[in-house]
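Q: 3D, please:
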Amino acid sequence: MAETPKAGPLKAGLLKIVVFDDDPTGSQTVHSCPLLLRWDAASLRQGLADPSPLLFLLVNTRDLAPEQARSRLTSLCRTLQPLLAEAVAAGTIDRWLVVSRGDSTLRGHFPLESEVIEAELGPFAASFLVPAFLPGGRTTAAGVHLLHGEPVHRSAFAQDRLFGYGTSFLPAWVAEKTAGAIPAEAVQRIDRSDLEAAVAEREGFDGKGFQALVGRLADLRGNPWVVVDGERPAQLAAFAAAVAAAVDQASDPAAGPVSKGDGTTASAPTPAPAPAPGPRRFLFQSAASLITALAELPPQPRDAAGLAALRRCGPDGQPLPGLVLVGSHVPLADAQLAALLAEPACGGVELEVAKVARVLAGPLPDRLLPSLESAWLERLQAVLARGQTPVLFTSRGELACSSPAERRALGEALAGLMARLAARLAPQLGYLISKGGITSQTLLADGLELAMLRLEGQLLPGLSLLRPAGAGVPGALAGLPLITFPGNLGDGQTLLESWRLMEGRGSAASSIGP
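A: Okay, here's the model as predicted:
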C-alpha cells in the first residue's frame, strides 16, 4: 500500500500562521521566528514579510480587564486585516491561519478573544479548542484536560481568582465559560481514536483514518467549537496535516447555521463580509504544542549549550553576570525560587509586596516609590559586587485585595518596578531570566522598550530564549539573551537548571514533568 504523503503545512505553500499570544510565554515550543510587541502597520508588515511561517503578536490580554482586552484585540485585528490582504496580493503569503494562543491550564479571556477575532477576521468554518501542551504534561484524553494525568480542575490553576473554573471536561468547560450560550452538547470532539486512525494511515498502515479526518474538517460549517484530544506529538501532527489538506479545499466558511445540539440552531456570530471562495479558514484556541505541529518547524539550529553560549561577554572576553526575576507566585514558582535561592552563587533581593501596597494606598506614591526603587537597586548592585547572580522576587503568597481592579493595579505596579530595575541593570548583564507572564511582558515592552524580538529556541522544553531584533535596538541591549519562564512550567528544579545552563554549570537534561 502506498504511504500517504507526510507533507505538512509548510510544504503546501506560503502559509503564514499568525499567533495572538495572550502571555509572553506562549512561544514555548518554537524557534527562528519574530515576536512583535507593537502592532503598528510598519511592524506588522515587517513581521508578515519575515520568511518564518510563524508570526507571534504579544497581545498580553491575560493581564487586562475584559473590556481592555476586547479593545486591544479589536484595534489589532483592524490594523492587521488589510495587511494580510496586501501580503496575499503581493505574493508574500498565499494563505493564513489565526491561532489565539491560550494557557494550557485553561486560564484567560475565553470566549472573548475568539469572538473578537471571528467578528474582525472571520468568517471561519470552525474553531478548534486544543489546550494540550505536551512538554509540560498537559494532555487531553476523551475530551478531559489533564495536568500530569490528573483532571486540571483539581489543580491550583483552576482556583485562579480571575479565570477559575469547575470542570476539566472541555465541552462542559465551554458551556461554563459561555454561561450556557454554547451548551456542552453543541461542542464537537475529535478524540483519540480519530487521531490514531489518522496517524496509522499517514504511517502507511491500512485504513482511511487520515482521509476521513480531512473530510470531516472539510465538512465543517457555521463555526462550531471542536475539542481536539492530544496525548502525543504524532496525534497533533496528524491533525495539523489534516487541517492543511482541508484548508486547501475552496469553500465558503460562513455557510450553514450553528447546531446547538438540541435540535435547534443558533445564528453564527455576525461575520465580516464573506470573501470570494478560496482557502478554507479555521480559528484555533490552543496551547503551544499545536502551533509547533501546524508550522512543522525543523529542529532548532542551536541546542541548549548553543543557546547558553549566546550569553554576552564584556570587553575582556569574560561572561557578563546574569539577573533572575521571579514575579509568579503559583506554588510551583515558590518551590523553584526556593531551590534557586539555596544556591550559594545566587543572592536574593525581596520586593516587599505589602510595602508597595501601602505606598500605593498612601498620599505620596509618586514620591515614595522612586525612593524604594533606588533602595532595591542598591541591594541588587551589592549582590553583583559580591560576584553572585541577583534574584529579584516578589514576596511569596498573594496579598488580599478588595477587587480585581485593585489586584491588577498592584500587579502592574510590581511588574513595573521589577522591569525598571532590570532595565537599569541590563547594559551590564550577560543574560536575563524572567519568570511569570506579567513580569516578562512588562520587562520586554515597558522596561526594555523593545518592539520586536527573535525567538532563538528552547533552552529547556517550554523555556524560550529570545534576543532583541529589528531596527532601533539600543547598543546596550544588542544580543542580550532573554529567557521567558512560564509560572506553571517544570518541576521544582527547573529554574535552577536554567540558571545553571546559562552559567555553564549544568547539563541540558529536561526537568519538565514527572
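
Q: Between the two ends of stretch 219-239, what distance do you get?
A: Terminal residues of stretch 219-239 lie 15 Å apart, using C-alpha to C-alpha, to the nearest Å.

Q: Can you list the buried residues in it?
A: For stretch 219-239, burial by neighbour count (16 or more other C-beta atoms under 10 Å) applies to 220-231, 234-239. Using the backbone N, CA and C atoms, a C-beta is placed for each residue, glycine as well.

Q: Mark which of those residues are part of strands, please.
A: 225, 226, 227, 228 (DSSP state E).

Q: From residue 245, how far out is residue 202?
A: According to C-beta to C-beta, to the nearest Å, residue 202 and residue 245 sit 11 Å apart.

Q: Worst mean pLDDT across the helices and strands of the chain, which element?
A: Within the chain, no helix or strand scores below strand 258-259, which has a mean of 39 by mean pLDDT, DSSP states H and E.

Q: which residue sits closest to residue 190, ignoring its sequence neighbours?
A: Leaving out its chain neighbours, the residue that sits closest to residue 190 by C-beta to C-beta, 6 or more residues apart in numbering is residue 228, at 4.7 Å.

Q: OK, contacts around that neighbour?
A: Residue 228 makes contacts with 128, 129, 130, 132, 140, 189, 190, 195, 239, 290, as judged by C-beta atoms under 8 Å, 6 or more residues apart in numbering.

Q: try 10 Å this time
A: The contact partners of residue 228, by C-beta atoms under 10 Å, 6 or more residues apart in numbering, come to 128-132, 140, 143, 170, 188-191, 194-195, 235-236, 239, 243, 284, 286, 290.

Q: Tell me the buried residues within those residues.
A: Neighbour counting with 16+ other C-beta under 10 Å marks 128-132, 140, 143, 170, 188-190, 194-195, 235-236, 239, 243, 284, 286, 290 as buried within those.

Q: Now intersect the residues you listed with the strands, please.
A: Judged by DSSP E, strands contain the following of these: 128, 129, 130, 140, 188, 189, 190, 284, 286.

Q: who does the last one bridge with?
A: Right, residue 286. residue 101, residue 130 (DSSP bridges).

Q: Surely it touches residue 130?
A: Yes - between residue 286 and residue 130 there is a contact under C-beta atoms under 10 Å: 4.0 Å.

Q: Pull up the overlap in contacts between those two.
A: Both residue 286 and residue 130 are in contact with 99, 102, 104, 228, 230, 236, 293, 294, where contact means C-beta under 10 Å, 6+ apart.

Q: With respect to pLDDT, which of those residues ranks lowest?
A: Lowest in pLDDT among these is residue 102, which has 88.

Q: Strands of the stretch 51-200 of the chain, residue ranges please.
A: Using DSSP state E, counting those that start in this stretch, the strands of the stretch 51-200 of the chain run over residues 54-58, 95-101, 126-130, 138-141, 144-147, 150-151, 188-190.

Q: pLDDT (mean, whole number) over the first one?
A: By that I understand strand 54-58. On average, the pLDDT along strand 54-58 is 94.

Q: Next: the fourth one.
A: Here the mean pLDDT over strand 138-141 is 97, rounded to a whole number.

Q: Could you list the low-pLDDT ranges of the protein?
A: Residues of the chain that meet the criterion pLDDT under 70 lie in 1-13, 25, 250-279, 402, 507-514.

Q: What is the distance between the longest helix along it and the centre of its chain?
A: Ordering each helix of the chain by length in residues (DSSP state H) puts helix 66-90 first. Counting by C-alpha atoms, centre = their mean, to the nearest Å, helix 66-90 is centred 18 Å from the centre of its parent chain.

Q: Output the contacting helices and strands for it.
A: strand 15-21, helix 41-49, strand 54-58, strand 95-101, helix 112-121 (3 or more C-beta pairs under 10 Å, 6 or more residues apart in numbering; DSSP states H and E).

Q: can you do 6 Å?
A: helix 41-49, helix 112-121 (3 or more C-beta pairs under 6 Å, 6 or more residues apart in numbering; DSSP states H and E).

Q: Hey, what's the angle from that helix to helix 41-49? Just curious.
A: Interaxial angle, helix 66-90 versus helix 41-49 (axes from the mean of the first three to the mean of the last three C-alpha atoms, to 10 degrees): 60 degrees.

Q: Contacts for helix 66-90 next, please.
A: Helix 66-90 is contacted by residues 39, 41, 44-45, 48, 59, 61, 93, 96, 109, 112, 116, 120-121 when judged by C-beta atoms under 6 Å, 6 or more residues apart in numbering.

Q: and the angle for it with helix 112-121?
A: Using the same axes, to 10 degrees, helix 66-90 lies at 40 degrees relative to helix 112-121.

Q: Which parts of the stretch 201-350 of the chain are helices?
A: Along the stretch 201-350 of the chain, the segments classed as helices by DSSP state H, counting those that start in this stretch run 209-218, 233-247, 288-295, 304-308, 331-341.

Q: Single out the most deeply packed of these.
A: Neighbour counts (mean count of other C-beta atoms under 10 Å) averaged over each of these peak at helix 288-295, with a mean of 26.

Q: Export the helices of the stretch 201-350 of the chain to TSV and append columns for distance to residue 375.
A: Below are those laid out as TSV (distance: least, C-beta to C-beta, whole Å):
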stretch	distance to residue 375
helix 209-218	58
helix 233-247	48
helix 288-295	38
helix 304-308	32
helix 331-341	20
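
Q: Give me the buried positions along stretch 167-181.
A: Residues 167, 168, 169, 170, 171, 172, 173, 174, 175, 176, 177, 178 are the ones in stretch 167-181 that count as buried (16+ other C-beta under 10 Å).

Q: In PDB, could you pull the C-alpha coordinates for the host helix or strand of residue 464?
A: For residue 464, the host element (DSSP states H and E) is strand 463-468. Extracted C-alpha coordinates of strand 463-468, given in PDB (Å, rounded to 0.1, in the frame of the first residue of the first chain):
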ATOM      1  CA  LEU A 463      11.500  27.600  28.000                       C
ATOM      2  CA  SER A 464      12.100  30.300  25.300                       C
ATOM      3  CA  LEU A 465      15.300  32.200  24.700                       C
ATOM      4  CA  LEU A 466      14.800  35.500  22.800                       C
ATOM      5  CA  ARG A 467      17.000  38.300  21.700                       C
ATOM      6  CA  PRO A 468      16.200  41.900  20.700                       C
END
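
Q: which secondary structure elements does that strand contact?
A: By 3+ C-beta pairs under 6 Å, 6+ apart, strand 463-468 packs against strand 452-460, strand 482-485.
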